[in-house]
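> Only the shape, not the letters, is given here:
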């Protein structure tokens, strides 16, 4: 299921993430793409909070450590692919080990390693800058249970 959302602020982006995180069941892989400053970390902060992460306020991009773990109702593994130079490096961090029915893997800068996800059932979320703090967010491959429903704001938009 594919849909688009407009977020008018970082707080709305976090709230969208929170709504997604609250509906996660475990076993999901979420590929988050977007330019620098597009709101990827805000979205992931919300996803972690919605999934019950105790330390969701401390969510930051694991650019140098590559993987952060947030424990809660589900274990959230936040992988940052920004500094990875190859699919082999991505596989060497143990991606498969993080995937499980009681966990969710969220990959920031996933466009750098997306070919490694071929054949996997994953959700792709791309954020686009649409103004000073406004973002267009495109969600592809989401299971029906993840549809955020009527959210105002942010609002679902049609093509």
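Happy to help now that I have it. Since this is a predicted model, take the numbers as computed values, not measurements.
> Quick check: residue 136 vs residue 126, distance?
9 Å (CB to CB, to the nearest Å). Using the backbone N, CA and C atoms, a C-beta is placed for each residue, glycine as well.
> those helices in the chain, which residues are they?
In the chain, helices defined by DSSP state H lie at 10-23, 40-50, 87-92, 95-98, listed in chain order.
> So which residues of this protein form strands?
3-7, 29-34, 67-70, 75-80, 103-108, 123-129, 135-140, 155-157 (DSSP state E).
> now those strands in CSV, with mean pLDDT and distance to residue 15?
Below are these laid out as CSV (pLDDT from 0 to 100; distance: least, CB to CB, whole Å):
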stretch, mean pLDDT, distance to residue 15
strand 3-7, 90, 8
strand 29-34, 96, 16
strand 67-70, 88, 18
strand 75-80, 92, 17
strand 103-108, 94, 17
strand 123-129, 95, 14
strand 135-140, 93, 12
strand 155-157, 47, 12
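> so where's the protein uncertain?
Of all residues in the chain, those with pLDDT under 70 make up the ranges 56-58, 60, 62-64, 147-159.
> Could you check how many residues crowd around residue 37?
For residue 37, the tally of surrounding residues (other CB atoms under 10 Å) stands at 9.
> Same question for residue 6.
Applying the criterion other CB under 10 Å, we find 16 residues in the vicinity of residue 6.
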